[in-house]
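Asks: pasting the structure only:
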């Protein structure tokens, strides 16, 4: 049973790789951004709450995101495994997730850290040509990542649940490495 949590800086390829792997393994790719958008579209009670925060230009609080993740991991299609992309983003969320998985009897998760150098990430993100992807904005996002999300690498490393992959390689090389890790 495969349960993977994807970590890494913006532009490291988390979304791309998690989708490819989820298709390969026939398990759901769970993106917190997608969950949030779907809950809002479906007008679920949690989606309506989230919409209120977003309409006011506020961040959706951790508790609400945690509730959405809990709800999603409880759905039948997750029984054979899942890939989480975009959650947890900080150690408090990782602790929540670990406790949730223990309650659900879904242990054995691994964190995959797609490690990529700043220069590679900046080049990739600038290459997408999005308006909000200026070098200054990208460097700020990397700073926020290092402050908030990078401590997860130690968190999962200390628990012997971390696998690090060189995200500077081509997408095909990263996929091959990921498939080799799963097969091991």
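Replies: Sure, I can see it. Quantities reported herein were computed from a predicted structural model and do not represent experimental measurements.
Asks: neighbours around residue 50, how many?
Replies: 22 (other Cβ atoms under 10 Å). For glycine as for every other residue, the C-beta is placed from the backbone atoms N, C-alpha and C.
Asks: Phi and psi next, for residue 134.
Replies: Per-residue torsions, residue 134: phi -80, psi 160 (degrees, to the nearest 10).
Asks: measure it to residue 122 for me?
Replies: 10 Å (Cβ to Cβ, to the nearest Å).
Asks: between the two, who's got more neighbours?
Replies: residue 122 (20 against 12).
Asks: just checking, next helix/strand downstream of the helix or strand harbouring the more buried one?
Replies: Using DSSP states H and E, residue 122 sits in helix 118-128. The helix or strand immediately downstream of helix 118-128 is helix 135-144, counting by DSSP H and E.
Asks: Run through the helices of the protein in chain order.
Replies: 14-25, 32-41, 45-55, 62-73, 91-104, 118-128, 135-144, 151-158, 171-183 (DSSP state H).
Asks: nearest to residue 112, of those?
Replies: Minimum separation from residue 112 across those (Cβ to Cβ) falls at helix 171-183, 6.9 Å.
Asks: May I see the buried residues of that closest one?
Replies: 174-175, 177-178, 182 (16 or more other Cβ atoms under 10 Å).
Asks: least trustworthy position among these, going by pLDDT?
Replies: For these, the weakest pLDDT value sits at residue 182, with 87.
Asks: what residues are up against it?
Replies: By Cβ atoms under 8 Å, 6 or more residues apart in numbering, the contact list for residue 182 reads 2, 21, 25.
Asks: one step back: got the angle between the helix holding residue 122 and helix 135-144?
Replies: 130 degrees (axes from the mean of the first three to the mean of the last three Cα atoms, to 10 degrees).
Asks: Give me the distance between residue 49 and residue 63.
Replies: 10 Å.
Asks: quick one, which of these two is more surrounded?
Replies: When neighbours are counted by other Cβ under 10 Å, residue 49 and residue 63 differ, and residue 49 comes out ahead with 18 against 10.
Asks: State the distance from the more buried one to residue 39.
Replies: 9 Å.
Asks: coming back round to it: Serialize the helices of the chain to JSON lines and add fields for distance to residue 80.
Replies: Listed next are those as JSON lines, based on distance: least, Cβ to Cβ, whole Å:
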{"stretch": "helix 14-25", "distance to residue 80": "8"}
{"stretch": "helix 32-41", "distance to residue 80": "19"}
{"stretch": "helix 45-55", "distance to residue 80": "25"}
{"stretch": "helix 62-73", "distance to residue 80": "13"}
{"stretch": "helix 91-104", "distance to residue 80": "14"}
{"stretch": "helix 118-128", "distance to residue 80": "32"}
{"stretch": "helix 135-144", "distance to residue 80": "34"}
{"stretch": "helix 151-158", "distance to residue 80": "22"}
{"stretch": "helix 171-183", "distance to residue 80": "13"}
